[in-house]
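[1] Could you work out the structure for the sequence below:
(4 chains)
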2 protein chains.
Amino acid sequence: MPAGPMPTGGRPARIGFLLSQLGAHATELFADQTRGLGITPSEAGVVRIIGRSPGISQRELSDTLGSVQSRVVALIDRLEGAGLVTRTRSSADRRIQELRLTESGVSVLRSLRYAAEAQEAAIVDGLTPEQAAELFGLLSKLSSLRGLDAEVHVGYRDASR
Amino acid sequence: MPAGPMPTGGRPARIGFLLSQLGAHATELFADQTRGLGITPSEAGVVRIIGRSPGISQRELSDTLGSVQSRVVALIDRLEGAGLVTRTRSSADRRIQELRLTESGVSVLRSLRYAAEAQEAAIVDGLTPEQAAELFGLLSKLSSLRGLDAEVHVGYRDASR
DNA sequence: CTGCATGATTCACTAGGTGAATAATTACAG
DNA sequence: CTGTAATTATTCACCTAGTGAATCATGCAG
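    Numbers count the residues shown, from 1 in each chain, chains lettered A, B, ... in the order given. As a prediction, this is how the structure comes out:
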């Protein structure tokens, strides 16, 4: 790992800068989409996870999100109140709340796919298909290099302690 | 602007996803760097702006940041308390507080350049110089397409209302 | 001088998130 | 079987960052 005073080969140090800016922009675009569905991006992530793993416990969900259990309680309180998610005590282990999407939840999940496509279209608008493919390849490589292949769309976890 | 059910040419809709993730990652890396200097990324942005425009007023700063004046008061309170910034009433217009970096502030600003380079090195680590240059070109293009060429490193503004 | 505009500040409030303590339940050693 | 430890969900106090309204001092046009 290079560590000298100019490790970026003479190029100004701006990829990180651009990634921060464009990442925030992409997050905002996605938030615009989810706002129309009455949920936040974090809640959208929760809906997707529950849709993929019906019956998941809050504990498992907090692990998947990289969040803490108390945060999950608040998220599920909100989604349950909005009628998108149900809590059911597991009959096998009564400590566990099994999480499932309601019919409305499934409907929102479907809408989220269109939201993601609208976001994608807005983001690559102005790039040629070849440029978009090239960008996708480079970002994928960076993502796998950093071990960020997770499914979660929420903020990058930990690191602030 | 395409709006059909599959506007991304058969590629899964993930550039937005990757940008969000990698952007959050880049932001965290930069936060790691500034944390060592005892400031937040927002405060680092303020230090850079004041360093570039000594004597700037809080009002001008809030415009540059895209923030509100009351937020700037809190930021400057913090930086003044940390001994990095001074407030001086303008003799020409006594409503105005002229902001300047102290000696420590200048020193922190210098350190921020190294922090940005360390962040950059960490981010492109694993890419060839050619790949990094290609990525830089594509991100720059996206950034200019979206009109994001601003100097500010803080979060993408507005859009949440 | 009067009245309005502007810069800074304070204040109450919100959103999102963290960590400790607690209650209910289950697992398990002896 | 019994008591002790671990696990799940929940509540609570707290924190940080940020917003918008109200206030105060100052400048400026007429």
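
[2] how about the strands of chain A, start to end?
    For chain A, the strands defined by DSSP state E cover A:85-89, A:97-101.

[3] Name the residue of chain A that lies nearest to chain B.
    Across chain A, the shortest distance to chain B (CB to the nearest CB) belongs to residue A:23, at 1.2 Å. C-beta here means a position set from N, CA and C on the backbone, and glycine is covered the same way.

[4] wait, what's in contact with that residue?
    Contacts for residue A:23 (CB atoms under 8 Å, 6 or more residues apart in numbering or on different chains) come out as B:19-24, B:26-27.

[5] Can you redo the strands of chain A as CSV, where the extra columns are mean neighbour count, mean pLDDT and distance to chain B?
    Shown next, in CSV, are these (neighbours: other CB atoms under 10 Å in any protein chain shown; pLDDT from 0 to 100; distance: least, CB to the nearest CB, whole Å):
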stretch, mean neighbour count, mean pLDDT, distance to chain B
strand A:85-89, 15, 98, 22
strand A:97-101, 20, 98, 21
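
[6] Please tabulate those strands in CSV and include distance to DNA strand C as additional columns.
    As requested, the strands of chain A are exported to CSV (distance: least, CB to the nearest atom of the strand, whole Å):
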stretch, distance to DNA strand C
strand A:85-89, 8
strand A:97-101, 11
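
[7] Can you tell me which of those is nearest to DNA strand D?
    Proximity to DNA strand D (CB to the nearest atom of the strand) singles out strand A:97-101 among the strands of chain A, at 4.0 Å.

[8] Would you mind listing what in chain A touches DNA strand D?
    Contact residues (CB under 7 Å from any atom of the strand) of chain A with DNA strand D: A:57-59, A:62, A:69-70, A:72-74, A:76-77, A:87, A:93, A:95-97.

[9] out of these, which are buried?
    A:57-58, A:62, A:72, A:76, A:96-97 (16 or more other CB atoms under 10 Å in any protein chain shown).

[10] And stretch A:61-68, what's buried?
    Buried positions in stretch A:61-68, judged by neighbour count with 16+ other CB under 10 Å: A:61-62, A:64-65, A:67.

[11] pLDDT weak spots in chain A?
    Low-confidence segments of chain A (pLDDT under 70): A:1-13, A:149-161.

[12] Helices of that one, start to end?
    Under the criterion DSSP state H, chain A contains helices at A:15-35, A:41-52, A:58-65, A:69-81, A:103-124, A:129-145.

[13] Number of residues surrounding the residue nearest to residue A:132 when sequence neighbours are not counted?
    The shortest distance from residue A:132 to any non-neighbouring residue, by CB to CB, 6 or more residues apart in numbering or on different chains, is to residue A:124 (4.5 Å). If you count neighbours by other CB atoms under 10 Å in any protein chain shown, residue A:124 ends up with 25.

[14] isn't residue A:124 right next to residue B:15, touching?
    Yes - with contact defined as CB atoms under 8 Å, residue A:124 counts as touching residue B:15 (5.9 Å).

[15] Pull up the overlap in contacts between those two.
    Counting by CB under 8 Å, 6+ apart, the shared contacts of residue A:124 and residue B:15 are A:132, A:135.

[16] Neighbours of residue A:128, how many?
    So residue A:128, with other CB under 10 Å, has 9 neighbours.

[17] try residue A:20
    By other CB under 10 Å, the residues close to residue A:20 number 26.

[18] now swap in residue A:114 and tell me
    Here the number of neighbours of residue A:114 (other CB under 10 Å) works out to 13.

[19] now swap in residue A:25 and tell me
    Using other CB under 10 Å: residue A:25 sits among 22 other residues.

[20] I'd guessed it sits against residue B:148; true?
    Yes - applying CB under 8 Å, one finds residue A:25 in contact with residue B:148, separated by 6.3 Å.
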